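Q: Prediction below, plus the sequence it came from.
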Amino acid sequence: MIILLVIAIAASLFAVTACESGKEPTGGTVVSITNKSDLTAAWVEGEADRQLSVSITVDGAEATDKTYMVSSSDSDVVEVADDNKTLKAVGGGTATITVKVDDVTDTVEITVTPALKGVTIKNKTALRDVWTVGDAARTLEIEFNPDYYDTNKPEYTVVSSAADVIEVGADKRTLTAKKLGEATIKVTAGDYSDSVTISVRPALESITITNKADLTAAWTDWSAARTIALAYAPAEYYTEENTTPVITCEPADLVTVDGNVLTAVKDGTLTVTVTVAEKTDSFTVEIQRSAP
């Protein structure tokens, strides 16, 4: 009996030992990015670098001797420095940062807002067209670079150098002509600005083609373009610099038009009409290529 009892106890101890040695290990390698909330906070291209904080444990214990690799899914958005810790915001967009130890990883997705690179008044030509007191208000068309800011507008100001001449509305877009004169409208966003100088003028009295004698002479030398010279009244308010005429040709296929310059391309009788603010002047010329 005693011998059987000893054998039974020994067998049970062997079984327990075998069970203990065969069970699955707990823990293993775990890698964690510990400052995700800081890394995912609002970040603009070109702002200060950020530091990645990484924790590595093996079987629940901190492992300081483990090396890890850090990669960015888009290095044009977030760049990882050679120290494997420093992150740089180099462009607008979203990038996933991955930390890898052996086959274990952790990730964080970071969005970078593009930096403002410029502001432009898009419709300068239209704003400089003839504008008189009492005419309809005009709308300032502003374009930001990059176009991300066209819908996510940055802080910007619009100022008139003479608010008593041209008033800027509270919406920063509406311009109203208040009296005769000239004002420069300046748009500023961050370190960037653009401006346009606009005249508020009395009504145009007349427009005159001043070189009709030259323009109506028989046009046989097609190698020589012809330029329309114009004068406006009142001349102190209307100049070539602030007035853009509309030039129409009939038939349209006899010449090409570049600003005030005409170039002959086909035989025929050409009538040219110049229009500004419903005032017009015109001339007719025979285009006939000379015999070679």
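A: Nice, thanks for sending it over. Residues are numbered from 1 along each chain as shown.
Q: Okay, buried residues for stretch 238-245 please.
A: Neighbour-count burial for stretch 238-245, with 16 or more other C-beta atoms under 10 Å as criterion, is recorded at 238, 242-243, 245. Where C-beta positions appear, they are placed from N, C-alpha and C, glycine not excepted.
Q: Please render those as a markdown table that adds pLDDT and distance to residue 119 to the earlier fields.
A: Below are the buried residues of stretch 238-245 laid out as a markdown table (pLDDT from 0 to 100; distance: C-beta to C-beta, whole Å):
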| residue | pLDDT | distance to residue 119 |
| --- | --- | --- |
| 238 | 90 | 30 |
| 242 | 84 | 23 |
| 243 | 89 | 27 |
| 245 | 94 | 30 |
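Q: Identify the farthest-apart pair in the residues you listed.
A: 242 and 245 (11.7 Å; C-beta to C-beta).
Q: ok, back up a step: now render the buried residues of stretch 238-245 as a markdown table, adding secondary structure and distance to residue 221.
A: Formatted as a markdown table, the buried residues of stretch 238-245 follow (DSSP: H, G, I helix; E, B strand; the rest coil; distance: C-beta to C-beta, whole Å):
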| residue | secondary structure | distance to residue 221 |
| --- | --- | --- |
| 238 | coil | 32 |
| 242 | coil | 33 |
| 243 | coil | 30 |
| 245 | coil | 25 |
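Q: Let me know the closest of those residues to residue 216.
A: Of the buried residues of stretch 238-245, the one sitting nearest to residue 216 (C-beta to C-beta) turns out to be residue 245, at 18.1 Å.
Q: For residue 109, list each beta-bridge partner.
A: Beta bridges link residue 109 to residue 96, judged by DSSP bridges.
Q: isn't it right next to residue 98, touching?
A: No. If you go by C-beta atoms under 8 Å, residue 109 and residue 98 don't touch, sitting 10.2 Å apart.
Q: Those two: which has the busier surroundings?
A: Shown here are residue 109 and residue 98; by other C-beta atoms under 10 Å, residue 98 has more neighbours (16 against 13).
Q: thought the more buried one was touching residue 107?
A: Yes. Assessed by C-beta under 8 Å, residue 98 is found in contact with residue 107 at 4.9 Å.
Q: Which one of the buried residues of stretch 238-245 is nearest to residue 220?
A: Relative to residue 220, and with distances defined as C-beta to C-beta, the nearest of the buried residues of stretch 238-245 is residue 245, at 26.3 Å.
Q: Residue 37 sits in which helix or strand?
A: Element membership for residue 37, per DSSP states H and E: helix 36-39.
Q: ok, residues contacting the next helix or strand after that helix?
A: Once helix 36-39 ends, the next helix or strand along the chain (criterion: DSSP H and E) is strand 50-51. Applying C-beta atoms under 8 Å, 6 or more residues apart in numbering, the contact partners of strand 50-51 are 35, 38-39, 43, 85-87, 89.
Q: I'd like the residues you listed as CSV, with neighbour count, distance to residue 134 and pLDDT appended.
A: As requested, these are arranged in CSV below (neighbours: other C-beta atoms under 10 Å; distance: C-beta to C-beta, whole Å; pLDDT from 0 to 100):
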residue, neighbour count, distance to residue 134, pLDDT
35, 16, 62, 96
38, 13, 58, 97
39, 19, 57, 97
43, 18, 50, 97
85, 14, 65, 95
86, 14, 61, 97
87, 22, 58, 98
89, 24, 51, 98
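Q: Closest to residue 128 out of those residues?
A: The closest of the contacts of strand 50-51 to residue 128 turns out to be residue 89 (C-beta to C-beta; 39.4 Å).
Q: Apart from its chain neighbours, what residue comes closest to that closest one?
A: In space, and not counting its chain neighbours, residue 89 is closest to residue 112: 4.5 Å by C-beta to C-beta, 6 or more residues apart in numbering.
Q: repeat for residue 162
A: residue 183 (4.0 Å).
Q: and the one you found, what are its bridge partners?
A: residue 198.
Q: who's in contact with it?
A: By C-beta under 8 Å, 6+ apart, the neighbours of residue 183 are 160-163, 165-166, 197-198, 200.
Q: now swap in residue 173 and tell me
A: With C-beta under 8 Å, 6+ apart, residue 173 has these contacts: 139-142, 158.
Q: quick one: terminal-to-terminal distance for stretch 101-121?
A: End-to-end distance for stretch 101-121: 52 Å, by C-alpha to C-alpha, to the nearest Å.
Q: How about it, which residues are buried there?
A: Neighbour-count burial for stretch 101-121 flags 101, 106, 108, 110, 112-116, 119, 121 (criterion: 16+ other C-beta under 10 Å).
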